[in-house]
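1. no sequence for this one, just the structure:
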């Protein structure tokens with residue numbers, strides 16, 4: 001029994017104490033793993049140093065807002081994505097048909113204004129004739145009224161005839177006043193401004209409308 005105990009202790013001491021080579025191998029593994037990691041990281045950095053990557057980044061670039069001077073549906077696009085353009089290049093076309101219609105409407109407005117001018121001129125001429133005719137009636141009914149008044153004083157007429165002559169004279173004077181007002185109104189409508197002598201304001205406004213419509217048409 002006493003001889004077997006030392007034999008058991010020797011075996012135990014042999015298992016507890018690993019060989020020297022095994023300790024060196026383990027130490028080399030502990031040292032080499034960090035070195036390999038460092039070498040791998042350096043190599044990865046060198047291989048990818050010209051790439052930029054991020055999870056949350058923004059690219060800043062100057063932006064220019066491009067908008068048309070007129071609105072409408074785009075019917076033709078002349079540029080592609082990422083195409084380089086310069087000032088004056090045609091980017092897109094807007095449907096010109098509504099603006100062609102606007103030009104035609106402006107031309108119709110000019111024609112209508114010109115017809116209105118002719119009508120005003122005719123009205124002015126008619127008013128002048130009416131003034132002359134009403135003035136002649138006034139002169140006639142003044143004489144008739146005076147005659148009836150004289151006869152009334154002498155007792156050779158009735159008060160009804162005198163009142164009838166007075167009413168006719170008043171009516172003739174009213175026609176003169178109406179014809180004069182119509183003539184004044186026509187003259188005012190036919191008047192021109194210093195900015196456009198000889199051009200009726202209605203015609204001038206219609207011409208401006210046409211110029212605007214033609215300008216909008218070129219902007220499509």
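-> Received the coordinates, thanks. Every value quoted in this text rests on a predicted model; they were computed, and no experiment measured them.
2. and stretch 113-129, which residues are buried?
-> Of the residues in stretch 113-129, 113, 116, 117, 120, 123, 124, 127 count as buried by neighbour count, 16 or more other C-beta atoms under 10 Å. From N, CA and C alone the C-beta is placed, and that goes for glycine too.
3. quick check: nearest residue in space to the second one, chain neighbours excluded?
-> Pointing back at residue 116 there. residue 202 (5.9 Å; C-beta to C-beta, 6 or more residues apart in numbering).
4. quick one: neighbours of the one you found, just the number.
-> 18 (other C-beta atoms under 10 Å).
5. do the one 3 residues further on as well
-> Per other C-beta under 10 Å, the neighbour tally for residue 205 reads 14.
6. the longest helix seen in the chain packs against which elements?
-> Ranked by residue count and defined by DSSP state H, the top helix of the chain is helix 97-154. Counting contacts by 3 or more C-beta pairs under 8 Å, 6 or more residues apart in numbering; DSSP states H and E, helix 97-154 is packed against helix 159-190, helix 201-218.
7. worst average pLDDT in these?
-> Sorting the helices and strands packed on helix 97-154 by mean pLDDT places helix 159-190 lowest, at a mean of 85.
8. which other helices and strands contact that helix?
-> Partner elements for helix 159-190 (3+ C-beta pairs under 8 Å, 6+ apart): helix 97-154.
9. quick revisit: just give me how far the longest helix of the chain sits from the chain centre.
-> Its chain's C-alpha centre and that of helix 97-154 lie 43 Å apart, by C-alpha atoms, centre = their mean, to the nearest Å.
10. stretch 185-204 now?
-> On the basis of C-alpha atoms, centre = their mean, stretch 185-204 sits 30 Å off its chain's mean C-alpha point.
11. same check, this time on stretch 168-178
-> 54 Å.
12. next: stretch 80-100.
-> 17 Å.
13. please apply the same query to stretch 141-157.
-> Between the mean C-alpha position of stretch 141-157 and that of its chain there is a distance of 74 Å (C-alpha atoms, centre = their mean).
14. now that stretch: buried residues?
-> Judged by neighbour count using 16+ other C-beta under 10 Å, the buried positions of stretch 141-157 are 141, 144, 145, 148, 157.
15. now render those as JSON lines, adding pLDDT and distance to residue 175.
-> Listed next are the buried residues of stretch 141-157 as JSON lines, based on pLDDT from 0 to 100; distance: C-beta to C-beta, whole Å:
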{"residue": "141", "pLDDT": "84", "distance to residue 175": "11"}
{"residue": "144", "pLDDT": "86", "distance to residue 175": "16"}
{"residue": "145", "pLDDT": "86", "distance to residue 175": "16"}
{"residue": "148", "pLDDT": "84", "distance to residue 175": "20"}
{"residue": "157", "pLDDT": "78", "distance to residue 175": "25"}
